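> okay, here's the prediction I keep looking at, along with the sequence it came from:
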Amino acid sequence: MLKSDKSHHPLLTANSAQLNDADEGGLNLGQVGAALRRRALLIAGATSLVATAGVLKAETDPPIYQGSFEILTKPVTGESKAIANVPQTIGDTDAIAAPETTEQTKTTIAVLQSRGVLEPVIKKLQTKYPEIEYDYVIDNLVIEPKEQNILEVQYIDPDQQLVTDLLNTIKNAYLEYSLAERRNDVEQAIKFVEKQRKPLEQRVQDWQERLRTIRQKNNLVEPEQKAQEVSTHVATLTQQQLENRVMLEQMRAQYQDLQKELLQQTGASASNSLLSDNARYQKILDQLQQTDAEIAKRGSIFTGQEEGMVRLSEQRDTMISMLEGERARVNRDFQSRIRELEARDFAITEKIDNLNGYLRALAAVSRDYDNIQRELKIATEGLSQFTAKQQALQIEYAQRLQPWKLLDPQLTKVDDPDAISDSAKRNLLLGGMLGLLMGVGAALVVDKLSNVFYTSKELKETIGLPLLGVVPLRKEIALSTNAGNTSGGLQQATRASFFEVFRSLYTNILLLGSDTPIRSLVISSAGQGDGKSTVAVHLALAAAAMGHRVLLVDANLRSPNLHQRVGLMNIQGLTDVISSDLDWSNVIERSPIEDNLYVLSAGPIPPDSIRLLASQKMQDLMQDLHSSFDLVIYDTPPLVGFADATLLAANTNGMVLVAGLGKLKRTVFQQALEELQISGTPILGLVANKSRDAALASYTYYQQYYRQSMSVERVGDDDDTDDTNHSAPTSSSVRKVKG
């Protein structure tokens, strides 16, 4: 007998705890957004109700009087322009023209609403209105920024005369406050400038004295100019030294050549250009050669003792002596010239070293000089600025400049009682915001209390079991196609995209059985209406279309309906095979929809389905079917309240749970998981059915993908008695659609 492997997914042992944790952990941002979209009508209703109540309240309230005036906090008057032309004043042109920042405006409003400013106003008015206090005034006083550098002061009260008197008094108080603040600012600025100016004067004098000392000590006016002169001199000497050394090397090379020439025999022909270029040496050498020629000529006739021969020999000796002397003179001359060049090189080098040393010393002096100049410049500029600031502030203090200006000469304008519509508008806005907040809160509470899975992501994260596939809601696809295009191609893409989901589902199931092939499985759900029968039929069709021999068994002996979905009659079925000696091969029928799909209908409804499904004969039958088909799919009743699916799953490779999104309650699913955990039933994974999120995305993708010819087989989509998200196929409606 085939036994299922009960260790497919260890996560099953912890899924109940995860489900409880998810219920207690609240909603994440994605879930909040989805919940608000689902409860949009509730939010709109709450917003409308509260806003309407606010408007009605405003219309029934007694008349309210409102007075207001505007103040320009940075006016540009003729007097201010005159002072602005004086540099370094507080009210300079840039300061007058620059708008206040948001933070500055908030600070100004906070000061104007403070007790220090309003208490004197309240004391003046208490003689006429003894009941008013600071808290009463501040509750009805509104100060808001209206435009750039403009503040609007409003006061609301049922007493019209109080509004007028209060705003008049506040206006005067604010103008006096602005003038006092400006005069106080100028006084403090003058004191600060005077305090800072004296140290700056002393600093300027100190740095000027140090500058004079360094000039006298080093006998210079500008170190930079002196350094430039010395550097130019060093460059000139360096160039002269280079030229001198070139000449020295040339002279030494010529001297070496001369020494080689001097080693030759006296009287030999001069090969060195230095001796050959010497006219005197060359003249003596020519005479010597002539004498040698005469001696040779005369010696062929006379002997050496002959008088002429003796005279020629003496003459030759004299010339050789003169030649030697000339050679020695040339050698001495070269040595003298070499020593002269060497002495000049040494002198130039010494001068360059002395000048470089002076430059190094001058660099330190120049650095000190620059530091003194920089500090003197900074101190002088600071002194000039503070001097100008002091003069400008004294001019500004002498003026009675009004910093703020009242824009409305009539001081106060009291609204007519009919202006209560402003209160209605305000109540409408506040009521709408409050109603929106209440509606959002109510929507989240209602959605939380509904305790239903709405998205496949929520289901996967909460349960912790593998999600094998997500089946889109066919009605959602139908809406999208009808809204855009109702052509035959789009309808083909719709059916193709829906059927392709089950091809992918079957592929994922096959991948689960990498070690032990999955040959049989049970399709079930936690409760009614989740679409398990629809998933079973389409999964069987997808497997058959992929070339596998598939048997679809209607094991829902309590309420069989698979035969209607595949267009067959339920005359004989599973009940007859188990309760009688009928051979199952004579009872199964080939589906008219797909050649590789076989169907074993339920047959007559037995009085006790559990008794039949738990029998040994049923187990033997499942063993035979497991070995005879590539895949056997059992459609069973729901898990909660029935044991049929659990009994059958024990003799298969596992169970696939179908969860109907938007319908399946968490508590029901938790109960089903707990029952499976107790029984040890292996779960292959989950299938999320009726997904609205996946519907449009799936259709869009496959509408673009299926451009070539294809065939799609149509089957029905109704599940159980209340599953209406798919259309049920019949034998008359089954046809092939060509792309």
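Perfect, I can see it now.
> below-threshold pLDDT in the stretch 601-739 of the chain: ranges please.
693-739 (pLDDT under 70).
> for it, what spans make up the strands?
631-635, 655-660, 683-691, 711-713, 736-738 (DSSP state E, counting those that start in this stretch).
> tabulate those (TSV), appending distance to Ile138 and mean neighbour count.
Where you see a C-beta, it was placed from the backbone N, CA and C, and this is true even at glycine. Putting the strands of the stretch 601-739 of the chain into TSV (distance: least, CB to CB, whole Å; neighbours: other CB atoms under 10 Å) gives the following:
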stretch	distance to Ile138	mean neighbour count
strand 631-635	74	26
strand 655-660	59	27
strand 683-691	57	26
strand 711-713	74	18
strand 736-738	76	11
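> how about those, which one is nearest Val234?
strand 683-691 (89.1 Å; CB to CB).
> could you export that closest one as CSV, keeping only the C-alpha atoms?
The C-alpha trace of strand 683-691 is given here as CSV (Å, rounded to 0.1, in the frame of the first residue of the first chain):
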residue,chain,number,x,y,z
ILE,A,683,1.2,19.3,2.8
LEU,A,684,2.8,19.9,-0.6
GLY,A,685,2.0,23.5,-0.5
LEU,A,686,-0.7,26.3,-1.0
VAL,A,687,-2.6,27.6,-4.0
ALA,A,688,-3.9,31.1,-3.6
ASN,A,689,-7.2,31.3,-5.6
LYS,A,690,-9.3,34.3,-6.7
SER,A,691,-6.3,36.8,-6.6
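> related to what we said a few turns ago, redo the strands of the stretch 601-739 of the chain as CSV? Include distance to Gln241.
Formatted as CSV, the strands of the stretch 601-739 of the chain follow (distance: least, CB to CB, whole Å):
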stretch, distance to Gln241
strand 631-635, 103
strand 655-660, 99
strand 683-691, 94
strand 711-713, 100
strand 736-738, 101
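> between those strands, which one is nearest to Glu131?
strand 683-691 (66.8 Å).
> mind listing residues that contact the closest one?
8-9, 12, 455-456, 459-460, 463, 465-473, 505, 508-509, 512, 518, 521, 530-531, 534-535, 653-663, 676, 725 (CB atoms under 8 Å, 6 or more residues apart in numbering).
> of the strands of the stretch 601-739 of the chain, which is nearest Gly432?
Of all the strands of the stretch 601-739 of the chain, strand 683-691 comes closest under CB to CB, at 34.3 Å.
> what about the closest one, distance to the chain center?
Taking CA atoms, centre = their mean, to the nearest Å, the mean C-alpha location of strand 683-691 is offset from the chain mean by 36 Å.
> buried subset of the contacts of strand 683-691?
For the contacts of strand 683-691, a burial check counting by 16 or more other CB atoms under 10 Å picks out 8-9, 12, 455-456, 459-460, 463, 465, 467-473, 505, 508-509, 512, 518, 521, 530-531, 534-535, 653-663, 676, 725.
> among the residues you listed, which are in helices?
Among these, the ones falling in helices (DSSP state H) are Ser456, Leu459, Lys460, Ile463, Leu505, Asn508, Ile509, Leu512, Thr534, Val535, Leu676.
> any chance of the residues you listed in JSON lines with distance to Gly641 as columns?
Compiled in JSON lines, these are given as follows (distance: CB to CB, whole Å):
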{"residue": "Ser456", "distance to Gly641": "25"}
{"residue": "Leu459", "distance to Gly641": "21"}
{"residue": "Lys460", "distance to Gly641": "26"}
{"residue": "Ile463", "distance to Gly641": "20"}
{"residue": "Leu505", "distance to Gly641": "26"}
{"residue": "Asn508", "distance to Gly641": "29"}
{"residue": "Ile509", "distance to Gly641": "27"}
{"residue": "Leu512", "distance to Gly641": "28"}
{"residue": "Thr534", "distance to Gly641": "21"}
{"residue": "Val535", "distance to Gly641": "20"}
{"residue": "Leu676", "distance to Gly641": "14"}
